[in-house]
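[1] could you look at this predicted model? Sequence included:
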Amino acid sequence: MMRQRVAVAGISIAGLVVVAISSVGQKAVAATKTPEPAPAVVLLDTMESELHRAMDSLGNNATDATQQPKPYFLSYAVSDSDSIGMSAQFGAINGSRENHRRIADVQVRIGAAAEDNTHGDHRNSALTTIPLPLTNDTEAISRTLWFATNRGYGKALDGYLKVKTEQQVRAKEEDASADFSAEAPAKEILPPSPALVVDTNAWQTRIRDLSGIFKQYPDVFFNNVTLEASTETDYFVSSEGAKVATPSHVARLVIVARTRAADGMDLFRAETFEADEVAHLPDQKTLADKTVAMAKNLVALREAPVTEPFNGPAILSGRASAVFFHEVLGHRLEGQRQRGDDEGQTFTKLLGKQILPPFLSVSDDPTLAEFNGTPLSGHYSFDDEGQPARRVDLIKDGILDTFLMSRLPIASFSTSNGHGRAEIGHMPTGRQGNLIVTSSKTVSDTELREMLKAEAKKQGKPYGLYFEDISSGFAVTTRRSPQAFQVIPLVVYRVYVDGRPDELVRGVSIVGTPQAALNRILATDNKQDIFNGICGAESGSIPVSAVAPAMLVSEIETQRQAQGTARPPILPPPGADTTPANGKGGQ
């Protein structure tokens with residue numbers, strides 16, 4: 001199975017459902033007022049009351065003929081969110097939307113923790129997802145949860161019967177761990193997330209101005225500037241006694257632009273800016289400077305030479321290094337990857353052994369809301385199974401210590417460490433939050449570049465590579481496929497050993513296998529950089545962060561990207577005859 005994180009996925013926030021509320025020409029109000037947050041007491045009390053009623057009733061009315069089992073676990077998880085989105089292209093608003101939603105995930109488990117209806121390939125049989133009424137109508141909410149619980153019980157019963165049947169005919173499993181861990185129920189009601197207020201007129205003007213910058217670059221045939229802001233309160237109750245309410249709020253601005261080289265290769269750049277609210281996003285000058293730099297870089301990339309396949313030394317910038325660790329290492333340290341006959345289990349048998357150079361350590365700490373003043377997307381207080389978020393030291397001085405655990409046990413670990421995460425409508429699994437890489441062998445940026453040149457010269461290479469920015473990547477973790485990874489850089493330079501200026505190149509992707517790549521790290525620089533993004537896997541798309549220093553590797557393998565066959569736009573854009581001939585605009 002392919003695990004993919006999408007670096008430009010800030011364009012589509014995970015789980016965000018939006019509807020149009022006004023035409024482009026409609027005058028917007030100065031401040032958009034969203035519906036008042038639902039009082040926690042109404043929604044939580046209704047959830048708790050209906051859950052206990054269901055637990056008391058299900059399975060108790062069975063006759064000897066039906067022999068319907070009673071669930072041993074039931075939980076309700078509700079996401080109550082307000083969101084606002086708007087987008088602009090070439091200086092004009094092309095989308096404006098607002099949404100309020102309540103979605104409930106009902107989880108029903110039949111059997112016992114040692115073996116239940118979620119076993120093996122039937123994990124999703126526990127989950128039923130349904131929209132809830134938007135008003136604080138106790139009767140309407142109760143009836144909706146009742147309907148979903150009945151439907152969920154039927155799914156769970158069918159799944160459990162299939163599990164019991166399959167167990168009679170299949171060979172012994174490699175990992176006979178239980179299907180659900182025993183955990184202490186958490187009880188904490190945090191204040192609801194604050195109401196969402198966005199100055200619509202001001203932000204429409206700002207994103208129009210940013211997207212309009214691209215009109216001065218005729219070779220940029222597509223651009224989009226998107227603002228998404230949301231405020232959400234998540235509620236969780238379970239038959240074990242858990243009762244949790246946690247707030248979250250985020251604002252994200254994403255700038256994307258595309259061009260095409262004469263040989264047909266598509267090229268794009270993306271910049272994502274994130275904060276806890278729109279007022280804390282960067283000022284307009286910072287955003288405009290980034291936009292101009294992106295446009296100029298795309299113009300340069302069109303003329304850059306296509307790189308040939310390469311196997312040699314390279315530096316990954318801190319941002320690129322963060323994505324690299326997320327893809328190459330982070331996914332393989334998720335708990336569920338260590339069990340199941342289809343999983344490659346790259347590091348399952350390496351507990352207590354060295355998998356990284358001894359100067360590197362890796363932790364995952366979702367309790368951190370920011371790092372050096374920058375907000376972290378992977379922050380949360382409780383995971384999606386109602387467990388408190390915890391810092392987990394995964395690798396200490398290069399030695400593997402543990403995995404990221406949900407309530408799905410594995411042979412080595414039987415309890416959660418607060419990393420059971422999911423997008424609404426998906427079953428939680430062990431996922432990354434804020435993956436943080438630290439190093440005890442650091443040098444300055446200048447020294448790291450000199451080390452790169454020295455290593456390239458030692459290997460008889462005319463240059464090493466410098467990866468400045470990476471857009472996306474994926475990691476294959478199933479045993480039926482090669483245990484490999486691929487990441488797609490956006491900005492790559494050749495760093496020549498003879499002192500020539502760095503040369504921008506295009507058309508390269510990084511490929512390899514994890515154990516080989518991770519053991520070729522020679523040194524890091526002395527500052528850490530941050531990447532915020534959206535990660536997609538079997539439990540849906542969730543916000544994540546990765547923090548890492550730039551690193552020098554002795555050997556990295558690259559291959560050429562797909563070339564493409566389409567020509568650049570034949571018809572020049574409107575007004576191209578008044579644009580400077582060099583396409584660099586007037587910014």
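    Here it is on my side, so go on. Residues are numbered from 1 along each chain as shown.
[2] any weak-confidence spans in this protein?
    1-40, 61-67, 341, 343-344, 472-484, 576-587 (pLDDT under 70).
[3] how does it divide up, domain by domain?
    The chain breaks down by automatic domain parsing into domains covering 2-23+40-303, 310-560.
[4] of those, which is nearest P573?
    Set against P573 and scored by CB to CB, these come closest in domain 2-23+40-303, at 5.0 Å. All C-beta atoms are positioned from the backbone trio N, CA, C, and that covers glycine.
[5] and D158, what are its phi and psi?
    Dihedral pair for D158: phi -60, psi -40, per degrees, to the nearest 10.
[6] tell me who's in contact with the closest residue to it other than its chain neighbours.
    Using CB to CB, 6 or more residues apart in numbering and skipping the chain neighbours, the partner closest in space to D158 is S125 (6.7 Å). Residues near S125 by CB atoms under 8 Å, 6 or more residues apart in numbering: N117, T118, K155, A156, D158, G159, Y160, K162.
[7] swap in L448?
    I315, A523, T524, D525, A550, L552.
[8] let's see it at 10 Å
    When contacts are counted by CB atoms under 10 Å, 6 or more residues apart in numbering, L448 touches I315, T442, Y466, L522, A523, T524, D525, N526, P549, A550, M551, L552.
[9] with distance to G540 added, can I get those in a markdown table?
    As requested, those are arranged in a markdown table below (distance: CB to CB, whole Å):
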| residue | distance to G540 |
| --- | --- |
| I315 | 34 |
| T442 | 36 |
| Y466 | 34 |
| L522 | 37 |
| A523 | 37 |
| T524 | 32 |
| D525 | 34 |
| N526 | 36 |
| P549 | 30 |
| A550 | 31 |
| M551 | 30 |
| L552 | 35 |
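[10] and which of the contacts of S125 is nearest S87?
    K155 (37.5 Å).
[11] do you know how far that closest one is from A126?
    Going from K155 to A126 by CB to CB, to the nearest Å gives 8 Å.
[12] same thing with E139?
    Per CB to CB, E139 is found 27 Å from A126.
[13] quick check: neighbours shared by K155 and A126?
    Common contacts of K155 and A126 (CB under 10 Å, 6+ apart): V106, V108, I110, N117.
[14] quick one: closest of the domains of the chain to P568.
    Of all those, domain 2-23+40-303 comes closest under CB to CB, at 4.5 Å.
[15] hang on, the earlier thing: scan the shared contacts of K155 and A126 and report the most crowded one.
    The most crowded member of those, judged by other CB atoms under 10 Å, is V108 (31 neighbours).
[16] and the domains of the chain, which is most packed in?
    Comparing the domains of the chain by mean neighbour count (mean count of other CB atoms under 10 Å), domain 310-560 ranks first with a mean of 20.
[17] returning to that earlier point: using JSON lines, please lay out the shared contacts of K155 and A126 together with secondary structure.
    Converted to JSON lines, the shared contacts of K155 and A126 look like this (DSSP: H, G, I helix; E, B strand; the rest coil):
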{"residue": "V106", "secondary structure": "strand"}
{"residue": "V108", "secondary structure": "strand"}
{"residue": "I110", "secondary structure": "strand"}
{"residue": "N117", "secondary structure": "coil"}
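[18] the helices in the stretch 301-450 of the chain, which residues?
    318-328, 445-458 (DSSP state H, counting those that start in this stretch).
[19] sorry, back to before: now distance to S539 too, for the shared contacts of K155 and A126, in TSV please.
    Formatted as TSV, those follow (distance: CB to CB, whole Å):
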residue	distance to S539
V106	16
V108	18
I110	21
N117	17
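[20] tell me the one of the residues you listed nearest V225?
    Nearest to V225, judged by CB to CB, of the shared contacts of K155 and A126 is V106 at 38.3 Å.
[21] isn't the closest one up against G154?
    No: if you go by CB atoms under 10 Å, V106 and G154 don't touch, sitting 11.7 Å apart.
[22] what residues are shared contacts of these two?
    T128.
[23] any chance of the domains of the chain in TSV, plus distance to P574?
    Shown next, in TSV, are the domains of the chain (distance: least, CB to CB, whole Å):
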stretch	distance to P574
domain 2-23+40-303	9
domain 310-560	28
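[24] between those domains, which gets nearest to P572?
    Closest among those, using CB to CB: domain 2-23+40-303, at 6.3 Å.
[25] and that closest one, how far from the chain's centre?
    Centroid separation for domain 2-23+40-303 versus its chain: 11 Å, with CA atoms, centre = their mean, to the nearest Å.
[26] tell me the contacts of G152?
    Shown in contact with G152 (CB under 10 Å, 6+ apart): 54, 58, 71, 74, 105-109, 125-130, 145.
[27] and it, how close does it get to L145?
    Between G152 and L145 the distance is 10 Å, computed by CB to CB.
[28] ok, now F403?
    Distance from F403 to L145, counting by CB to CB: 34 Å.
[29] just F324 next, same as before
    According to CB to CB, F324 and L145 sit 43 Å apart.
[30] check R53 too.
    9 Å.
[31] for the stretch 51-200 of the chain, which segments count as helices?
    Secondary structure of the stretch 51-200 of the chain (DSSP H, counting those that start in this stretch): helices at 138-167, 200-212.
[32] among those, which comes closest to M47?
    helix 138-167 (6.8 Å).
[33] mind putting the contacts of S125 into TSV with distance to G378?
    What follows is those, written out as TSV (distance: CB to CB, whole Å):
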residue	distance to G378
N117	30
T118	25
K155	31
A156	31
D158	35
G159	31
Y160	34
K162	35
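[34] pick out the most distant pair among these.
    Greatest spacing in the contacts of S125, by CB to CB: T118 and D158 (12.4 Å).
[35] Y493: which of the shared contacts of K155 and A126 is nearest?
    Nearest to Y493 among the shared contacts of K155 and A126 is V106, at 51.8 Å by CB to CB.
[36] could I get the contacting residues of that closest one?
    By CB under 10 Å, 6+ apart, the contact set of V106 is 50-51, 54, 74-78, 126-130, 144-145, 147-153, 155-156.
[37] and with 6 Å instead?
    By CB atoms under 6 Å, 6 or more residues apart in numbering, V106 lies in contact with Y76, T128, A148, T149, G152.
[38] closest one to V41 out of the residues you listed, please.
    Y76 (15.4 Å).
[39] distance of the closest one from R431?
    As defined by CB to CB, Y76 lies at a distance of 21 Å from R431.
[40] same question, R208
    In terms of CB to CB, R208 sits 37 Å off from R431.
[41] show me where the stretch 451-587 of the chain has strands.
    For the stretch 451-587 of the chain, strands defined by DSSP state E, counting those that start in this stretch occupy the ranges 463-476, 485-496, 503-505, 508-512, 521-537, 540-560.
[42] of all the domains of the chain, which lies closest to I570?
    domain 2-23+40-303 (11.0 Å).
[43] for I488, give the beta-bridge partners.
    Taking DSSP bridges, one obtains S472 as the residues bridged to I488.
[44] my guess is it meets S509, correct?
    Yes: using CB atoms under 6 Å, I488 is in contact with S509, at 5.1 Å.
[45] got a list of what T446 touches?
    Contacts of T446 by CB under 6 Å, 6+ apart: none found.
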